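Student: Sequence below, structure please.
(2 chains)
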Amino acid sequence: MTASIAAVGQARPWVRFGTRRLGRLLVSLWVLVTASFAMIHLIPGDPVRGALGPTAPAELVEARRAALGLNDPILTQYVHYLEGLVTGDLGTSLSSRLPVSDIVAQRLPATLALAGLAFLAAVVVAIPLGVAMGVLTRRGHGRRTELGFTTTSIVVATVPDFLVGVALVYVFGVRLGWLPVAGNDTPQAYVLPVLALAIGPAAILARIVRVEMVRVLEADFVRTARAKRLPARTIYLGHALPNAATAALTLGGLLLGGLVAGTVLVENVFAWPGLGSTIVQSILNKDYPVVQAIVLVYGVGVLVVNTVVDVTLARLDPRSLIREG
Amino acid sequence: MNRRWSRVLRTPLGLASAGLMVLVLGLAVLGPVLWGAAAEAVDTDNILAGPSSAHWAGTDNLGRDILLRVLVAARLSIVLALLAVVIAVVAGLLLGSAPFLVGKRFGRLLSATVNIAVAFPGLLLALFFAVVFGVGATGAVLAIGLAGAPAFARLTQTLVAGIAARDYVAAARVAGVGRVRILFRHVLPNAAEPLVVNATIGAGAALLSFAGLSFLGLGVQSPAYDWGRLLHDGIGAIYVNPAAAIAPGTAVLVAGLAFNLFGESVAKGLGVGAGPLAVLPARTESVRRPETAVEEVRSVPSSDVVLDVRDLEVTFPGPVRPVRGVTFAVRRGEALGIVGESGSGKSLTALAVTGLVGDDGRVDAARLELLGHDLRAADTPVRRRTLGTSLAMVFQDPMTSFNPARRIGGQLAEVAIHHQGTARRAAIARAVDRLAAVRIPDAGTRARQYPHEFSGGMRQRAMIGMGLMGTPALIVADEPTTALDVTVQQQVLDLLAAIRAADGVALMLISHDVAVVGDVCDRVLVMYAGRIVEDLPATDLAGAARHPYTRALVDAVPDMSTDLDEPLATIPGRPVDPAHMPPGCAYADRCPLADAHCRAEDPPLTADPGHRVACWHAGEPLPTPRAADELVESP
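Tutor: Numbering: from 1, shown residues only, chains lettered A, B, ... in the order given. Purely as a prediction, here's the structure:
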């Protein structure tokens, strides 16, 4: 009987957490969708006239407006927009006349690959680096190392990804000629864009992991682990790291969101055939349906990342369930 | 205020970033004045040229000097960034302080909106607003400004909520001051400093974002130019003239760093106390005092000794020595209590014995052995196994001594897995068995739970169970009941006593509670100011204690014969500061028997068999009891 009570006690926080988190996701999604719908209506003047230019004949503008449904009452347009989203219809590009969903489908994989690889690279570098720095600079150790590491990581993290990209292009493309600086045709072409995107987040993440490790290594339960005479590796990786990971992961999620947005600039440095180069071209061409759709895709990406981070956090640190609930 | 600012400038990073700031701002002011015309000079004979002595960074597609254009572009780049930050701060302040002014319900809606907006990266918001406001400098300023607003709104909200909870705001409210007036008179002035610091950092971020937008072609448009625009033009020709991209890129970087780092150093300098500037005491070599000569330890049959400690000292940088030459032994199955006030060195003695003194502390001893193994030897797997299974430690606070992120069973099982090579499944089974042994009901289910699902008393029993995973010869328990409710204290003590009786495990019980120690232990060490002042059988505590401090400790414990009309007996004065040890007896200032001899010379610990004491007046009758402040320390 005690067992069943305990089981219910374990299950309920998850239910509560899940409902709350799902509710937040849905509200955020709704805000995002509405904002992307509203975007075209917030533009001063007639977006179709803007897109076609001042010389376009009035009949063409009118016909295009009718085709986009811009003459309908706003509520009808909103409902149509939502219906379109549900059925996967994102409208038609004003400039290429292609379905926007086709454009997104064609461009999305390159961006996902870039962001995913960059995040992976950042984590793979930052966590071991942060843990090692944390151990080296724990209380009573390595003051010089700490100062050097902190200063370097602050400076590195301040450099924006597109400037890192420009520097990488100059050094490895122009100067050394080792690596391609445009496109994504070869595996080598991934190296520089991924690096440009990963360096900043890696520096920030490593810094946070270090600070958290130093804090956690002071905790009573680490002393308990020492009292058990566990090997140093087990104490650092088995006991300290899971507790340091909570904060690191929260920040990592934010970084991943920022990384998704960072692809826009980096793609433009490296002529990467992803969503980032497309959205900039579309903004310049005033191709609003494409812009709307890509903003939506980025936004959904960020929301999904945030949700995944929260759920992972809850798995890692069971207490966060209670805090959330 | 001035003091704090000069502290910012005294750090290397603060000074360097302040210098950069002056340079960058100076350039923004003077750049267009000095080189404005020259930067526009078209030279069609010299287009897209590489660096030369006439044009250090080469020329652009109209033959204009790129370096001069970069210098002149400083003003526009910085002005636009500052404008964007002003928009961000103003919009953020409005959004962030609105929940304070409007009703609760609308306020909550506003904060929820801000929270959703904050989740999206700034660049995404900037792109959204850039579409709405149109491509160009104005659109970009508005876009970056509004994109930065949610972050400042969040900051303002947090600051306002923090300040609004303070007493003086509550007082103003009670006095009937209006909300708007409270906000402007009391709340915002107190939020100003963090806001300004964050605005400085924000200016750096805005500068970089603006460069990004212009680089994408969405910001400043020709013929106007900022750094981002120059970079946009330069990257296309990077193989022809790399300097055309490198020069504006470097400028953006230097200016961005200047704002960011200056903001960070100001934040650090004005923030918490001395922080990174505190001069940490260097480690100083301790001068060992030859106390072993007088502190002869009783001869005990060596095979019987579990723990042998001779002339133990613990030193911290300063130097401060909270443990000053402690000598004792624990025999098989013996229960040894160590009592004293906080700061007496009793807990540090326990930590030194278990090898858990922090990295900044230094442990010295003439001998420090557990079952004949030197506890100070280098850490080898064999040594770890020996100590991990034969020495168990129970800590004061069971709430924080378990790893919150791992299941209890796994934390117990670890000992068997690492030290006895047990397979995981078998180790968990043993952990369940041990949990049952420390009387945890339904141990199988409990082993799968996390520490926060255990009560304090259960956690402390589980901690003892963890010590029983091996075959301990000694359990060191440092104030094991202090953090527990009175009702569960006795359970834990009974458990320790039962384990000791059943398995012949020696127990070292550290406590400030002389009554607890008297009940549980065979022998008691009384510590004062880092030394043992008396070592006596527990049965002698009540009537045969010889040190005035021990006698005062015992007298302070109320019992059935205590006259309840009298105030409880206490020990007058405070314990000595370990950083300022007197030359004589450390207890002299609080002792009713103290004389000039006591103050001049520290009494050695005598070597009477079975009863050691360090006092020039040991056993002399005390004058009538005095009452002053309290004896029994609070946990």
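
Student: where along the stretch 451-600 of chain B do the helices fall?
Tutor: In the stretch 451-600 of chain B, the helices defined using DSSP state H, counting those that start in this stretch lie at B:456-467, B:486-503, B:514-520, B:541-544, B:548-555, B:596-600.

Student: Just send those back as CSV, with mean pLDDT too.
Tutor: Converted to CSV, these look like this (pLDDT from 0 to 100):
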stretch, mean pLDDT
helix B:456-467, 88
helix B:486-503, 85
helix B:514-520, 87
helix B:541-544, 84
helix B:548-555, 87
helix B:596-600, 87
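
Student: most neighbours per residue, which of those?
Tutor: helix B:456-467 (a mean of 24; mean count of other CB atoms under 10 Å in any protein chain shown). C-beta coordinates here come from the backbone N, C-alpha and C atoms, glycine included.

Student: so does that helix get close to chain A?
Tutor: Yes - Helix B:456-467 reaches chain A (CB under 8 Å from any CB of the partner chain) through B:463, B:466.

Student: elements contacting that helix?
Tutor: Other elements packing on helix B:456-467 under the criterion 3 or more CB pairs under 8 Å, 6 or more residues apart in numbering or on different chains; DSSP states H and E are strand B:391-394, helix B:408-419, helix B:424-437, helix B:486-503.

Student: these two touch, right, residue B:260 and residue B:204?
Tutor: Yes - if you go by CB atoms under 8 Å, residue B:260 and residue B:204 touch, sitting 3.7 Å apart.

Student: Name all residues that sit in contact with the two at the same time.
Tutor: residue A:158 (CB atoms under 8 Å, 6 or more residues apart in numbering or on different chains).

Student: and residue A:172, how many neighbours?
Tutor: 17 (other CB atoms under 10 Å in any protein chain shown).

Student: So residue B:61 sits against residue B:49, correct?
Tutor: No - in this structure residue B:61 lies outside contact range of residue B:49 using CB under 8 Å: 10.5 Å.

Student: And these two? Which one has more around it.
Tutor: The neighbour count for residue B:61 versus residue B:49, taken as other CB under 10 Å, is higher for residue B:49 (19 against 12).

Student: Can you name the residues that contact the more buried one?
Tutor: Contacts of residue B:49 (CB under 8 Å, 6+ apart): B:55, B:58, B:59, B:63, B:241.

Student: quick one: least confident helix or strand in chain A?
Tutor: Across the helices and strands of chain A, mean pLDDT, DSSP states H and E gives its lowest value to helix A:319-324, namely a mean of 54.

Student: Which parts of chain A are helices?
Tutor: For chain A, helices defined by DSSP state H occupy the ranges A:2-42, A:47-52, A:58-68, A:74-86, A:100-136, A:143-158, A:161-168, A:191-217, A:220-227, A:232-233, A:241-269, A:275-285, A:288-316, A:319-324.

Student: Output these in JSON lines; the columns should cover mean neighbour count and distance to residue B:229.
Tutor: As requested, the helices of chain A are exported to JSON lines (neighbours: other CB atoms under 10 Å in any protein chain shown; distance: least, CB to CB, whole Å):
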{"stretch": "helix A:2-42", "mean neighbour count": "15", "distance to residue B:229": "25"}
{"stretch": "helix A:47-52", "mean neighbour count": "18", "distance to residue B:229": "22"}
{"stretch": "helix A:58-68", "mean neighbour count": "13", "distance to residue B:229": "31"}
{"stretch": "helix A:74-86", "mean neighbour count": "13", "distance to residue B:229": "35"}
{"stretch": "helix A:100-136", "mean neighbour count": "19", "distance to residue B:229": "25"}
{"stretch": "helix A:143-158", "mean neighbour count": "16", "distance to residue B:229": "21"}
{"stretch": "helix A:161-168", "mean neighbour count": "24", "distance to residue B:229": "14"}
{"stretch": "helix A:191-217", "mean neighbour count": "24", "distance to residue B:229": "20"}
{"stretch": "helix A:220-227", "mean neighbour count": "20", "distance to residue B:229": "53"}
{"stretch": "helix A:232-233", "mean neighbour count": "10", "distance to residue B:229": "52"}
{"stretch": "helix A:241-269", "mean neighbour count": "23", "distance to residue B:229": "14"}
{"stretch": "helix A:275-285", "mean neighbour count": "23", "distance to residue B:229": "14"}
{"stretch": "helix A:288-316", "mean neighbour count": "20", "distance to residue B:229": "22"}
{"stretch": "helix A:319-324", "mean neighbour count": "15", "distance to residue B:229": "46"}
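
Student: Of these, which is nearest residue B:421?
Tutor: Nearest to residue B:421, of all the helices of chain A, is helix A:232-233, at 16.4 Å by CB to CB.

Student: re the thing from before, pick out whichever of the contacts of residue B:49 sits closest to chain A.
Tutor: The shortest approach to chain A among the contacts of residue B:49 belongs to residue B:241, at 10.0 Å (CB to the nearest CB).

Student: Can you tell me the SS state at the closest one?
Tutor: coil (DSSP: H, G, I helix; E, B strand; the rest coil).

Student: re the thing from before, tell me the least confident of the contacts of residue B:49?
Tutor: Least confident entry in the contacts of residue B:49, by pLDDT: residue B:63, with 73.

Student: contacting residues around that residue?
Tutor: By CB under 8 Å, 6+ apart, residue B:63 lies in contact with B:42, B:43, B:44, B:45, B:46, B:47, B:49.

Student: My read is that the second one contacts residue B:61, right?
Tutor: What that stands for is residue B:43. No - the pair residue B:43 / residue B:61 is not scored as a contact, 11.2 Å apart, by CB under 8 Å.

Student: In the biggest helix by length in chain B, which of the residues would be classed as buried?
Tutor: In chain B, with assignment by DSSP H, the single longest helix is helix B:66-101. Under the neighbour-count criterion of 16 or more other CB atoms under 10 Å in any protein chain shown, helix B:66-101 has B:66-78, B:80-89, B:91-93, B:95-100 buried.

Student: continuing past it, what's the next helix or strand?
Tutor: Later in the chain than helix B:66-101, the nearest helix or strand by DSSP states H and E is helix B:104-119.

Student: what's the angle between that following helix and helix A:2-42?
Tutor: Counting by axes from the mean of the first three to the mean of the last three CA atoms, to 10 degrees, helix B:104-119 points 80 degrees away from the direction of helix A:2-42.

Student: quick one: helix B:104-119 to helix A:241-269, angle?
Tutor: Using the same axes, to 10 degrees: helix B:104-119 against helix A:241-269 is 70 degrees.

Student: so where's chain B uncertain?
Tutor: B:1-5, B:8, B:270-303, B:559-569, B:624-635 (pLDDT under 70).

Student: which stretches of it form strands?
Tutor: B:305-316, B:320-331, B:335-339, B:362-364, B:367-370, B:373-374, B:391-394, B:474-478, B:506-511, B:523-528, B:531-537, B:612-613 (DSSP state E).

Student: Flag every residue of the stretch 101-250 of chain A that's near chain B.
Tutor: A:138-141, A:143, A:151, A:154-155, A:158-160, A:162-163, A:166-167, A:169-170, A:173-175, A:219-221, A:223-231, A:234, A:238-239, A:242-243, A:246.

Student: So what touches stretch A:127-135?
Tutor: Residues contacting stretch A:127-135 (CB under 8 Å, 6+ apart): A:145-146, A:149, A:202, A:205-214, A:217, A:236-237, A:240-241, A:244, A:248.
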